[in-house]
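Asker: My questions are about this predicted structure, shown below with the sequence.
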Amino acid sequence: VKNKLAIGLDLAKSTHLVSFMLPDGMLLGKPFKMGQDRASFDKLWADASAVQQKHGLDGIVMAMEATGSFWEPLAHHFAGYPTVDLVFVSGLVMKRSRQVMDLCSTKNDPKDSYLIAQLAQEGKYLPMRLPRGVWAELRGLGNLRFDLLKARVAFQNRIQAVQDRYW
């Protein structure tokens, strides 16, 4: 990623960890915490804009790991910002990069936010597509159907196992 600020976000339910990385790979300060609310998102934008202007950067790449649904409020908030590219970093790539980084696969949030920023800076990400309107509803319903089918099969297997054991 040339001439853009990479922001690595290690997402959680209520508190995210954030790292800023310049195009040359230099990490700006220590990873910091932010909440899952509009005020925190606005503060993140103010901080990122200040860094972008100070270093004369063209834009911002906001990267996060594609797990759970914690990314959705953040993504919908920043979707309309013209200089922000929202991207996902694969969980498998994270795991492998973590092992290469320090020869162990231990996971901690500050290391993960740094690693997400680094992978974004190296261009190892997938662009994010946010479905809207009826497409978002269909996607949600499709995911719910898939989850219910998995649960049904699991319960059928448990019932069969109990029957095999006692009858």
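Answerer: That came through fine. Numbering: from 1, shown residues only.
Asker: Show me what the helix or strand of the chain with the lowest mean pLDDT is packed against.
Answerer: Within the chain, no helix or strand scores below helix 91-102, which has a mean of 73 by mean pLDDT, DSSP states H and E. Judged by 3 or more CB pairs under 8 Å, 6 or more residues apart in numbering; DSSP states H and E, the packing partners of helix 91-102 are helix 109-121. C-beta here means a position set from N, CA and C on the backbone, and glycine is covered the same way.
Asker: Identify each buried residue in the helix it packs on, please.
Answerer: By neighbour count with 16 or more other CB atoms under 10 Å, helix 109-121 contains the buried residues 111-121.
Asker: What is the following helix or strand past that helix packed up against?
Answerer: Going down the chain from helix 109-121, the next helix or strand is strand 126-127, by DSSP states H and E. Counting contacts by 3+ CB pairs under 8 Å, 6+ apart, strand 126-127 is packed against strand 84-89.
Asker: Turn the buried residues of helix 109-121 into a markdown table, including pLDDT and distance to residue 82.
Answerer: Below are the buried residues of helix 109-121 laid out as a markdown table (pLDDT from 0 to 100; distance: CB to CB, whole Å):
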| residue | pLDDT | distance to residue 82 |
| --- | --- | --- |
| 111 | 75 | 31 |
| 112 | 84 | 28 |
| 113 | 86 | 24 |
| 114 | 85 | 27 |
| 115 | 88 | 27 |
| 116 | 90 | 22 |
| 117 | 89 | 21 |
| 118 | 88 | 25 |
| 119 | 89 | 23 |
| 120 | 88 | 18 |
| 121 | 89 | 21 |
